[in-house]
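>>> one predicted model, sequence on top.
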Amino acid sequence: IDLDELCFVRNFRGDSESKYRELDLQMVRAEEARQSGEVPGTLITFQDLSRAADMKFPDKVTWFQDVVRGLRVPWEDGHMAIRVRRSDLLHDAQEAYLAMEADEFRKYFRFEFIGEPAIDAGGVAREFYEIVSSQLFDANNGLFMSSAINQTCMQINPASGLANESHLDFFRFAGRLMGKALFDNHLVNAHLVRPLYKHILAWPMNLHDLEHLDYDTYNGIMKTLDMDDVSILCLDFTCEEERLGSHETVSLVPNGGNVSLTNENMRLYLERQICYRVAERTKEQLCALLQGFYDVIPGSLLSVFDFQELEILMCGLPEIDMADWKAHTVYEGQYEAKGAQHKVVKWFWEVVEEEFNEESRARLLQFVTGTSGVPSQGFGALQGNDGNIRLFTITSWPLAQGTFPRSHTCFNRIDLPLYTTKKQLKKHLSLAITMEATGFDIE
């Protein structure tokens, strides 16, 4: 089975007047997906979007912000005053954002913490988005949960409805909050799992995206692909969901408990696992979040970015302490004995520190750890999929087995070939961290 052929895109239909509980979201094959080439409210064409997509990231950001300025309602035509209590910030923010019509998000916002004298010249807004996003995406609220491979990234909690009856309102609010922050060039203090960024962009999903959501399921499926006869596993077309301590059996196809997995239907099994894990199990929440986002920014306008760029655009470039990064790196294989003094490792750090810019360093982190985010405690606090500390790891890789580096995001590990020149290392490392977002297979 060619896994690259098993690609699906979410098909999201509905407008801002629809109630998200009635929207239709389904996964369609990537080759069947269609996306609008028009940006409502502008004269932008598909050709304009294509040209912007080919720009370097800083130029894309400038282009995007120019378009957004054209969508903004002038101050004299109306603006919004957002008054919130610091003591009940999340509640007040949600109430204010959900009370607005979609077109009001194109107006200027002025924030005020009730009882505080600060005038919002930008600083109050930055504080608002930082605090509200931190509280909203806190796993203790039950709306979001940590990624399966990185504790700093958040995914939708499939059981969010059990934790909060009005959870769909919160997801609509989350989409509007992120969309408005992006519209106004503010950052949010929350990194999302890769599949969520792909959903926002309507990018194709494949089996490897499951790794970010459910590592055990992903790992189990990958092992079955190496088997000569999968029927000996006695699996069927169902999966188990745990919801607040109780287990629920979900059928992936009609009457899935009576459909045994065989070599002949393995492809269908993979297709159903992908679609269920990345979208269907959180369909209502995803609809609400996406609609909230598109209440503010047209989805077609975001199509000029890749999913790595969208994370950087929404969360900002990380402040990377190179000394801390190097001090908390583990070396394996032929690099273990000499560590940072090994010739290839020296080249690696010279390229990363001296020749890569901030964007490239962020992409490298995304390539190896699954996110551009760095733990607040520094690289010494990097965690793996099991929640235990797993430091950034560089492992040697025979050049004869492949010229491109490979990443293992669940272990924060990069397999770095034993290059013969620094130029060769830079070329292949640069291509690897870029090609991941474009979808090319570096194998």
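Structure's in. What do you need?
>>> drop to CA atoms for contacts and neighbour counts, all remaining ones
OK.
>>> stretch 183-202: which residues count as buried?
Taking 16 or more other C-alpha atoms under 10 Å as the neighbour-count basis, stretch 183-202 is seen to contain the buried residues 183-184, 186-202.
>>> check stretch 230-248 too.
Along stretch 230-248, these residues count as buried under the neighbour rule (16+ other C-alpha under 10 Å): 230-231, 236-239.
>>> ok, stretch 285-304 next?
Of all the residues in stretch 285-304, those buried under the rule 16+ other C-alpha under 10 Å are 285-304.
>>> where along the stretch 301-443 of the chain do the strands fall?
Per DSSP state E, counting those that start in this stretch, the stretch 301-443 of the chain has strands spanning 329-332, 392-397, 406-408, 413-417. These are given in chain order.
>>> do you know which of these lies nearest Lys338?
Of all the strands of the stretch 301-443 of the chain, the one in closest proximity to Lys338, counting by C-alpha to C-alpha, is strand 329-332 (8.6 Å).
>>> ok, back up a step: the buried residues of stretch 183-202 in strands, which ones?
For the buried residues of stretch 183-202, membership in strands holds for 191-192, with DSSP state E as the criterion.
>>> restricted to helices, list the buried residues of stretch 183-202.
With helices defined by DSSP state H, the entries of the buried residues of stretch 183-202 inside them are 183, 194-201.
>>> would you turn those into JSON lines with distance to Glu353 and pLDDT?
Compiled in JSON lines, these are given as follows (distance: C-alpha to C-alpha, whole Å; pLDDT from 0 to 100):
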{"residue": "Phe183", "distance to Glu353": "32", "pLDDT": "96"}
{"residue": "Arg194", "distance to Glu353": "25", "pLDDT": "94"}
{"residue": "Pro195", "distance to Glu353": "29", "pLDDT": "96"}
{"residue": "Leu196", "distance to Glu353": "30", "pLDDT": "97"}
{"residue": "Tyr197", "distance to Glu353": "27", "pLDDT": "97"}
{"residue": "Lys198", "distance to Glu353": "29", "pLDDT": "96"}
{"residue": "His199", "distance to Glu353": "32", "pLDDT": "96"}
{"residue": "Ile200", "distance to Glu353": "32", "pLDDT": "96"}
{"residue": "Leu201", "distance to Glu353": "31", "pLDDT": "94"}
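>>> returning to that earlier point: confidence-wise, which of the strands of the stretch 301-443 of the chain is weakest overall?
Among these, strand 406-408 carries the lowest mean pLDDT, at a mean of 91.
>>> hang on, the earlier thing: looking at the strands of the stretch 301-443 of the chain, spot the one closest to Gly115.
strand 392-397 (45.3 Å).
>>> tell me what the closest one is packed against?
Applying 3 or more C-alpha pairs under 8 Å, 6 or more residues apart in numbering; DSSP states H and E, one finds that strand 392-397 makes contact with strand 329-332, strand 413-417.
>>> tell me which of these is the most buried.
Across the helices and strands packed on strand 392-397, the average number of neighbours (mean count of other C-alpha atoms under 10 Å) peaks for strand 413-417, which reaches a mean of 23.
>>> what count of nearby residues applies to Arg126?
17 (other C-alpha atoms under 10 Å).
>>> ok, and the closest non-adjacent residue to it?
Excluding the flanking residues, the one nearest Arg126 by C-alpha to C-alpha, 6 or more residues apart in numbering is His186, at 6.3 Å.
>>> does that neighbour really touch Glu127, like I thought?
No - the pair formed by His186 and Glu127 falls short of the contact definition of C-alpha atoms under 8 Å, at 9.7 Å.
>>> perfect, that will be all.
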